[in-house]
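[1] here's a sequence, model it:
(chains A and B)
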Amino acid sequence: MKTVYLLPFFAFFAFSSNAQDSLFEKGLRPLLEKNCIECHNTNNVKGGVNLDNYKEEGRVIKRGRLWLKVLDQIKTRSMPPDTKPRLTDQEYDSLTNGLTHILQKALENQNPGLITIRRLSHWEYHYAVLDLFGVDFDAKGYFPGDGSGGGGFDNQGKALFFTPLKFERYYDAANLIVEDLSKNPDLWEKAVPFEYKITWWQQVSDWFKSIFTKDFQPSNPPELAAESVILPMAAKTYRRYLAKEEKAKLMDFFGKVYYSLDSIPNPTRFNKSMAEVFKLMLISPNFLYRQEEEPLVEQPIPLNGFELASRLSFFLWSSVPDEELYQLARTEQLSDTLVLEKQVKRMLADPKAKRFAEIFSSQWLGIDKLTDKGPVVDPEKYPEFTTSLRHNMYQETVEYFYYVLSKSKNLLDLINSDYTFLNQELAEFYNIDGIKGNNFQKVGLIDKSRGGILGMGSVLTVTSLPLRTSPVLRGKWVLEEILGTSPPPPPPDAGELPEDEALHEDLGLRGLLEMHRSKPGCLSCHEKMDPLGLGLENFDLIGRWRESYGKVDIDASGVLASGEAFNGPAELKELLLLEKEKFARNISSRLLSYAIGRSILFTDEPLLRKMETSLLENNFNPDNVIMELVKGYAFQLKIKDFQKKLNEI
Amino acid sequence: MKKRWQISRRRMLKGLGAAISLPMLEGMQFPSAISSVANSQKSPVRSAFFFMPNGIHPNYWTPEKQGRDFELTRLLEPLNGVKDDLLVLSDLMNQNSNFEGGDGHYARTANILTCMQIKKTTGDNISSGGISLDQLIAQKVGQETLFPSLEYGLDKITTGVDINVGFTRLYGSNISWKSPTQPVSKEIDPRMAFDRLFRNYIPGKKQEEDPFKKSVLDMVMADARALKKDLGRSDQDKVEEYLESIRSVEKRIVNEGKRKDFEMNITPDLKKDLIRVDQNIDEYVEMYAGVDVTEKTRLMMDIIALAFWSDATRVNTFMFGNSVSNRNFSFLEGVNGNHHSISHHMNNQDKMEQYAKINLWHMEQYAYFLNKLKSIKEGDKTLLDNSMVFLTSSLRDGNRHSPIDIPVVLAGKGGGKLKTGQFLKYEERTPLANLYLTMLNCLDIDRDNFGDSTGILDGILA
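    Here you go, the predicted structure:
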């Protein structure tokens, strides 16, 4: 009688305890070790599955998708295999119930997932320096490049590294920035809004006082003046309150410099000392890293006001918060949903939101390489592809994305629309008359083929090879970047088509592709990719309209894997517009990954669903989905790192 | 004949060497009879690691005859001036570049110098499996020089993630790993690379060191320590990277003795060449940046040679391109297309011929560097005698992404410890790591193993 009574109690106890070592470590890990890890460990990775690394529950949750599969294998008794001892009923129940519980709980608990501390990306560094000091520093050109991680962006903490070379460049950059600042009186005045002088009278009276008083105070000490600049600037640069010791250290450093420069007259002496302090701030980890205090408790907790302000401003402005955000952070009002909504609206309406439009869209669509110096198309065969043209192509997409974000408010415009943004050079390139000047302007399109990013020179060029178009690459691009799905990689000896445009004048690309596809191993994927790319064949490798390859007319008709037929880009885009769910899913994951700087995790699923729904129900309005994102638990909360700290090991 | 690479246009303008077809042998050679550091003590051994992306033409690489009489095949032909300084090694394989879930490029590039498996990830748990050979050497010999190691390349990190195969492209852009989880950034700009090492020795370009630099570094170091204390583990690891970076910079500032030594090494001969290379870089920046890749490659190699010569460093890596590089090689006579695309030649004769020409270009640049080292005297030896210059591609035939029998050349006598001038064929699939272990042995770095090594290679050590 008693036992029956106690069992549920024990079960409850075991499951509800939040100490990591209870359920998984004590209850499940030994069972896994006994039955699974023998064949799935680091030295013996059967089926590519290694379960040995999962020593904490946090790790299991992090790779929840994998563990769902593990659970499924155990549940269906596919694992352990017949050749190994069968799980006892008790083991079976413990494992399946325990894993189900852990995974379910992870979704219910709104686990925000761990975000690794992020060094400022080069874009963020650039804009932070611009907003703090007014200096326009080319960070991307100056620092050794960063790779991308997670969702494909350059702001993903785990893929951002620090190296000695980088550090040297940060130091030199700080020098250059401060030098620029000192040379520009207007900027300097904004940073240091007074000229420090000790008057003749102050000098005399200080000298006089110093003779008669032991602990005299100078009437205008440089420290006091410096403090009024340094402390507020440091708080803005570090994006938080300064600790008392931090303030003292900054002022000590100022003093140290100031008193060692006693041969230089003021205000130069004062200003030079200030410049040293600015330099210090610019290479401090407090500036270069976006820190969030580590929670002390196991459960996820909300970000503090400053942390939330920073997440918002780096997300939408790629820079430090402005005074209004700081004010709300200080008064702890950002946790109020109404205040938050109002701020997001304000931030999106601010011209600084264009930074988000540029960085997000250029990295998502992969067109950022147009701004590098590296060659894209063959310069000898295509001399018309000039530096200014490729820059304009990039700019078209940026302007367009910004318009969609700020004015049209319908992200489906990315797939198709009846307008774009052009300046004279690009309009002439597209054969559109009547656009004058260098500035980009909104232009209505009569031709239904052009509207949307699939008709843009930028996208069409980066999805081509240097000497010809590639329907396969374009098709793959549409699948991956628009629909968020990906075919498996090609077999190693799949081969590629000939390079030269001239070679397929006789057969046409379609013919070549069909030949290539005749291998059964290739067909299943190419069936999905090729029609999408062939539908865009009327655009040449730099996005000009064409009707033939020379001798062979272009046939831009096709049938999608789903069975729908189309002819040409305009009809293809209509069909893509039917894939709303996939598009919504893709935008949601990209936005979330960009906003929080990590890969999408199993635990993000509930938030992603919300974002998707928001898109589908609100006509793909970017405001709504962004609002949903910033109100979501993955953006609002933080969680303790489940690994032991270095100082605890 | 108007192909750009054969003679840089700048030199054509200057009217020098207009009829040179093998530029690295004549017109572009170092001023002759230069003598190097020439200190009485034993010259240090330098190590360089060159990486070519996208494999090689499989039929034109391997010599027929083994041993000292080996013939220079078509792809090895550019090395004829240094044949006696070469070890051409066949049938080596980076075993760990082949694993389930791996792919044709990334899984074979990031670990070319670690010989361990990389972690499959789009960026959340990047790992090369181990420290790379160059960094291990730098750990051991790097304290002796101003720069423990230098990492160079021609291209920026390739951005984005390849969701097709599930890897971040960062893997294809890094061969140097300070630890499994820390790639070392590479320098791709000749101007910046040169200035970092030599700027202060060019008349009129000397930069005054900021007198407060040391205090600034101390301050931010303290900031980082304070910050690190309270963070979670993965954040701590990141901040530790920052701390390590400062330490290495600080070491250089503090160590006046080492800087003096370095200064002593800048002999008048060396200085003359510094000034020459500095001017070449200026001209390059003015006219050829982004246009002439041959010129850029040679400038980077000039800088590596100068760095070895002046003993600024003893360890270097150089990436001709990132993995999957689609550099347009149409500037070569008879080539019409890009590297990666052409490497998937599908056994088409014409494409394979273009592929061979691209390979040849790489070998010519490698030869340029070797000849340069050979032209610099160090005591009664040459700088090449005191070096080990390793060249590989992580693939054999790029068409098949084949990791078996990858192309490997080790040039230079390693301070007299290597029996060069041979072609050696090993047992099939001999671990590449065995060569690395042999190189460590040659450097007197005491290790029982490296990566997945099973022993040292026979027939190499003198």
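
[2] quick one, longest helix in chain B?
    helix B:349-374 (DSSP state H).

[3] need the next SSE after that one, C-terminal direction.
    Counting by DSSP states H and E, the next helix or strand C-terminal to helix B:349-374 is strand B:376-378.

[4] partner strands of that following strand, parallel or antiparallel?
    strand B:34-35 (parallel), strand B:381-382 (antiparallel) (DSSP bridges).

[5] how about residue 79, nearest residue that isn't a chain neighbour?
    In the absence of a named chain, this looks at chain A. Excluding the flanking residues, the one nearest A:Met79 by Cβ to Cβ, 6 or more residues apart in numbering or on different chains is A:Gln73, at 4.0 Å. C-beta: built from backbone N, CA, C; applies to glycine.

[6] please go with chain B instead
    B:Ala367 (5.2 Å).

[7] tell me if I'm right that that neighbour and B:Lys83 touch.
    No. Using Cβ atoms under 8 Å as the test, B:Ala367 is too far from B:Lys83 to be in contact (10.5 Å).

[8] neighbour count winner among the two?
    B:Ala367 (21 against 17; other Cβ atoms under 10 Å in any protein chain shown).

[9] so how far is chain A from that one?
    As judged by Cβ to the nearest Cβ, to the nearest Å, B:Ala367 and chain A stand 25 Å apart.

[10] list the contacts for that residue?
    B:Met24, B:Pro78, B:Leu79, B:Gly81, B:Val82 (Cβ atoms under 8 Å, 6 or more residues apart in numbering or on different chains).

[11] hmm, B:Leu410 and the last one touching each other?
    Read it as B:Val82. No. Contact criterion Cβ under 8 Å: B:Val82 and B:Leu410 do not qualify, at 11.8 Å.

[12] can you tell me the element B:Val249 falls in?
    Going by DSSP H and E, B:Val249 is part of helix B:233-254.

[13] name the next helix or strand downstream of that helix, please.
    Remark: after helix B:233-254, the chain's next helix or strand is helix B:256-265, criterion DSSP H and E.

[14] how far does that following helix sit from its chain's centre?
    Centroid separation for helix B:256-265 versus its chain: 25 Å, with Cα atoms, centre = their mean, to the nearest Å.

[15] what do you get for stretch A:523-531?
    That offset, for stretch A:523-531, works out to 30 Å (Cα atoms, centre = their mean).

[16] list the buried residues in it.
    A:Cys525, A:His526, A:Lys528, A:Met529, A:Asp530, A:Pro531 (16 or more other Cβ atoms under 10 Å in any protein chain shown).

[17] likewise for stretch B:281-293?
    B:Ile281, B:Glu283, B:Tyr284, B:Tyr288, B:Asp292, B:Val293.

[18] and what of stretch A:626-645?
    Buried, per 16+ other Cβ under 10 Å, within stretch A:626-645: A:626-630, A:632-643, A:645.

[19] shouldn't B:Val409 be within a strand?
    Yes. In this structure, B:Val409 lies within a strand as judged by DSSP: H, G, I helix; E, B strand; the rest coil.

[20] pretty sure it sits against B:Leu87.
    Yes. Counting by Cβ under 8 Å, B:Val409 touches B:Leu87, with 7.0 Å between them.

[21] mind listing residues that contact stretch A:226-236?
    A:132, A:191-193, A:196, A:241-242, A:246-247, A:250-251, A:254, A:258, A:270, A:273-274, A:277-278, A:281, A:320, A:326.

[22] give me the buried subset of those residues.
    A:132, A:191-192, A:196, A:242, A:246-247, A:250-251, A:254, A:258, A:270, A:273-274, A:277-278, A:281, A:320, A:326.

[23] which of those fall within helices?
    Using DSSP H, the buried ones among the contacts of stretch A:226-236 in helices are A:132, A:191, A:246-247, A:250-251, A:254, A:258, A:270, A:273-274, A:277-278, A:281, A:326.

[24] quick check: the farthest pair among those?
    A:Tyr258 and A:Tyr326 (28.4 Å; Cβ to Cβ).

[25] for the stretch 51-200 of chain B, what lies in contact range of chain A?
    B:100-101, B:103-104, B:121-126, B:151, B:155-161, B:163-165, B:168-170, B:173-174, B:178, B:182-188, B:196 (Cβ under 8 Å from any Cβ of the partner chain).
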